[in-house]
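S.K.: A predicted structure for the sequence below; I have some questions about it.
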Amino acid sequence: MTTDQAPHVTMDEITALAKRRGFIFQSSEIYGGIGGFFDYGPLGAILKRNVKDAWWREMVELRDDVVAFDSSIIMHPSTWIASGHVANFSDKMVDCRNCKHRFRADHLASLAKCPDCGRSDTLTEPRAFNLMLQTSIGPLEDSGARAYLRPETAQGIFVNFKNIYQSARKRPPFGIAQIGKSFRNEITPGNFTFRMREFEQAELEYFVPDDGNDLASYAHWVTARKKWYSDYGVREERLRFYELSENERPHYAKAGTDVEYLFPWGWGELESIAHRGTYDLDAHMQLSGKDLTYFDEVSKSKYTPILIESSAGMDRTTLTMLVDAYDRETVSDAESGKKTSRVVLRFHPKIAPVQAGVFPLARNKAELVERARSIERGLRPHVRTLYDEGNVGQLYRRQDEIGTPFCLMVDYQSIDDGTVTVRERDSMRQERVHGDALRAWMAGRL
Ligand code: GAP
């Protein structure tokens, strides 16, 4: 990390703000929590939904070559044999015999000394640990009933490839997209919602013919994903597209890029984009004995399409939006000139959980309350609004901390001439806008 990229916030500050303002809570907190699981509070649930909607809009709704999909979390256990997860989806773990702490072997600098208790020669040999979470189906918990919670959503798409292209009447190049929960029994969950055991993925599987344009299609998706992060305001200097070298990629992959964000602890992967060849469809054809090739009616020929995959973590992207938006600055009070510090989340207006806060200047003045409530009701079908009352300074401070781009204050002048004061979050500039013009004014800025 270079000095100009020194963290602008600590994870403790993010975790505290996330709890205080209702973005993210530890799961089952009253029972002491459970490692690797989190709950999204009232604002976090909206923020994450907005992130998913933004992905869906760009990757599915605005394209005529991508169709939607939603597969089950539990699939036939053979799925995971074909995909290689049963044999290979494991991390090496190491335990300390003294302090009983558990580590991922690849996270340790050496196996000589425990990094937690400092004792030497107490670490076990690394042992492979399969990361799939198991469950059992039906009343008997024997091995015949064993099933897995999917560790990625992609396999649901692969096994349905034929059902989808036939029913949707699609011809490669075309894509299948889904957003859904995935589960991995991570050895060391951590860094808040970065490494979880239950998380959500947004995956696009894009199938192309073997006509020599496969690498161009891969490059198209890398560019499209760059634009997406940029459109939602993720700071360019904290985002990198790391191109994997040949020995960093699986043997069947012709190209791969990891999208990484500079978190307070360092670079962390948000998404992987990969050219996976015909590996996945081939594997399922081999084990199932079923034909998943594409029959081209025009050329009357049959082939296995090449796959370009974009797989993004929605919890990691939501965390990125929170971290990236965080800012602390010193501001002077407009009237007294007194300097204070404020925390502000500079969310892109499209993903901000609340887009307009509406308040009366005084909560005990019925006219003001009535007018503010009526303005809020009028805007609600068009903009994500929130009505609140209280001390003006505190109202603004609260909205800054949850990243609301606009605050509308109804004051005495509002009763006289129908205007309200609109305060803009980032510049804190205020201007008067007529109540009847508010909707159009917002539309131009959201
Ligand atoms: N189908 C390809 C695939 O699953 P991956 O790189 O293993 O690829 C894709 O996962 C994305 O899913 C990651 O870039 C990350 O954003 C998210 N992800 C993976 N494991 C995660 C975890 N334990 N917690 C939160 N997100 C995770």
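M.R.: Here it is on my side, so go on.
S.K.: now do the helices in the protein.
M.R.: Along the chain, counting by DSSP state H, helices occupy 11-20, 42-56, 78-82, 85-88, 154-159, 161-168, 214-231, 279-288, 314-325, 366-379, 392-402, 412-417, 438-443.
S.K.: nearest to Trp267, of these?
M.R.: Nearest to Trp267 among those is helix 314-325; the distance by C-beta to C-beta comes to 11.7 Å. C-beta here means a position set from N, CA and C on the backbone, and glycine is covered the same way.
S.K.: skipping adjacent residues, who's closest to Glu389 in space?
M.R.: Among residues not flanking Glu389 along the chain, Arg363 sits closest, at 4.0 Å (C-beta to C-beta, 6 or more residues apart in numbering).
S.K.: re the thing from before, mean pLDDT for the helices of the chain - can I get that in TSV?
M.R.: Below are the helices of the chain laid out as TSV (pLDDT from 0 to 100):
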stretch	mean pLDDT
helix 11-20	98
helix 42-56	98
helix 78-82	98
helix 85-88	95
helix 154-159	98
helix 161-168	97
helix 214-231	98
helix 279-288	98
helix 314-325	98
helix 366-379	98
helix 392-402	96
helix 412-417	97
helix 438-443	96
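S.K.: tally up the residues packed near the closest residue to the ligand within the chain, please.
M.R.: Residue nearest to the ligand within the chain: Gly313 (2.1 Å; C-beta to the nearest ligand atom). Other residues near Gly313 number 24, with proximity taken as other C-beta atoms under 10 Å.
S.K.: what sits against the residue nearest to Glu389?
M.R.: Val369, Glu389, Gly390 (C-beta atoms under 8 Å, 6 or more residues apart in numbering).
S.K.: buried ones among those?
M.R.: Burial by neighbour count, 16 or more other C-beta atoms under 10 Å: within the contacts of Arg363 this picks out Val369.
S.K.: excluding its backbone neighbours, what's nearest the residue most central in space within the chain?
M.R.: Nearest residue to the geometric centre of the chain (C-alpha atoms, centre = their mean): Met314, 2.1 Å. For Met314, ignoring the flanking residues on the chain, the nearest one in space by C-beta to C-beta, 6+ apart is Glu200 at 4.1 Å.
S.K.: for that neighbour, give me its contacts.
M.R.: Lys48, Lys52, Ile179, Gly180, Lys181, Ser182, Gly313, Met314, Asp315 are the contacts of Glu200 under C-beta under 8 Å, 6+ apart.
S.K.: export the helices of the chain to JSON lines and tack on distance to Gly175?
M.R.: Formatted as JSON lines, the helices of the chain follow (distance: least, C-beta to C-beta, whole Å):
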{"stretch": "helix 11-20", "distance to Gly175": "33"}
{"stretch": "helix 42-56", "distance to Gly175": "13"}
{"stretch": "helix 78-82", "distance to Gly175": "20"}
{"stretch": "helix 85-88", "distance to Gly175": "23"}
{"stretch": "helix 154-159", "distance to Gly175": "9"}
{"stretch": "helix 161-168", "distance to Gly175": "10"}
{"stretch": "helix 214-231", "distance to Gly175": "9"}
{"stretch": "helix 279-288", "distance to Gly175": "14"}
{"stretch": "helix 314-325", "distance to Gly175": "18"}
{"stretch": "helix 366-379", "distance to Gly175": "36"}
{"stretch": "helix 392-402", "distance to Gly175": "35"}
{"stretch": "helix 412-417", "distance to Gly175": "50"}
{"stretch": "helix 438-443", "distance to Gly175": "31"}
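S.K.: I appreciate the help and will end here.
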